[in-house]
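1. Pasting the sequence and the predicted coordinates here, then a few questions.
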Amino acid sequence: MEFIEGDSDSSDSYPISLVGSLHQPLPLFYPTNYRDARQAAEKLARFLGKPLEDTSTGTKIVKDSEYLDETFIEYLKRMKETVQLPPTPLRMRTIIEKTGNGIVLNIPGPQYGPARWFILIFPVILAGIVAFFFIRPLVLLPGPPAIRYGMACFAFIFFVFGPIVSTIRFLGRMSRQSTNISVTKTAFAAGEMAGRKRTVSEIPFTELEDLVLILDRKTIESIDIGGKPYRPDGRPFPRFVQFFMKYAKNSSIIARSNKTMITFGKGLPQEELAYLYQLIRQTISHS
């Protein structure tokens, strides 16, 4: 099971294929939503008694057919794994609140920086071109001043002022984005604030199947159900590599059930994501 992003002429799809060691993958179905694809893939894996290989997140996650319905809590109990926290990062952007019922993670939106302000370069360049090659000649044209300056003002508002203000407002909305992750004794919930709109998604622990820390796709090719990264040859990465890969391009945490997938933490430093991931695992294991 994988993910293929759609374009203007096609929708996103989650192809399901039979994969063997000696032959090319044999495509079977092309569901257009994750829920249908996951259910179909699980039915096929259960019928054939073969592992389910899911690469829809960009990272390979493999589950044996006998554990397809196993929840994440059941996995932790079966593995009898003791969850240990890595060292707390020196600079944490996430605010962690411990409650009597679990934890709440308040993750702020992207910070301003040179890369963010780079977005302004294009409307500014466009404004300069319009001002020099269009507005300036309008002002210098012969004719009544009211008409010349009126046309120049019209062009300035729509081709200079408008694009720049729209870009600044877009950057402002991005800075106001935030995510709240709530991990209680019964459920995993995520609330996202974008401007004045707030959306909430929740996965009960009776349905939570995967909690995965996504690292750099070019370095790490597979992750097991517990979220541990492995090299292509099957050997696990050392802890310091897992926790201090600061330059991963596709870092995030994914919580997933058969019905819902929640992705959060994009843009956070790698060591902070690793700490939050282990903190969530520890909280769930104590539920």
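-> Happy to help now that I have it.
2. what about residue 107, neighbour count?
-> Residue 107 has 21 neighbours, counted by other C-beta atoms under 10 Å. For glycine as for every other residue, the C-beta is placed from the backbone atoms N, C-alpha and C.
3. Buried residues, whatever helix or strand it lives in. List them.
-> With elements taken from DSSP states H and E, the one containing residue 107 is strand 102-108. Under the neighbour-count criterion of 16 or more other C-beta atoms under 10 Å, strand 102-108 has 102-105, 107 buried.
4. what's the farthest-apart pair in those?
-> Largest separation among the buried residues of strand 102-108 by C-beta to C-beta: 102 and 107, giving 15.9 Å.
5. could you dump the strand holding residue 107 to PDB, C-alpha only?
-> Extracted C-alpha coordinates of strand 102-108, given in PDB (Å, rounded to 0.1, in the frame of the first residue of the first chain):
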ATOM      1  CA  GLY A 102      -2.500  13.000  30.800                       C
ATOM      2  CA  ILE A 103      -0.500  15.700  28.900                       C
ATOM      3  CA  VAL A 104      -1.300  18.600  26.600                       C
ATOM      4  CA  LEU A 105       1.200  19.700  24.000                       C
ATOM      5  CA  ASN A 106       0.900  23.300  22.700                       C
ATOM      6  CA  ILE A 107       2.900  23.500  19.500                       C
ATOM      7  CA  PRO A 108       3.100  27.100  18.100                       C
END
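6. Give the pairing partners of that strand; include direction for each.
-> strand 95-99 (antiparallel), strand 178-183 (antiparallel) (DSSP bridges).
7. Please identify the deepest-packed of those.
-> strand 178-183 (a mean of 20; mean count of other C-beta atoms under 10 Å).
8. Just the C-alphas of it, formatted as CSV.
-> Extracted C-alpha coordinates of strand 178-183, given in CSV (Å, rounded to 0.1, in the frame of the first residue of the first chain):
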residue,chain,number,x,y,z
SER,A,178,-1.0,26.4,16.4
THR,A,179,-1.6,22.8,17.3
ASN,A,180,-2.7,21.4,20.6
ILE,A,181,-2.1,17.7,21.2
SER,A,182,-4.0,16.1,24.1
VAL,A,183,-3.1,12.6,25.3
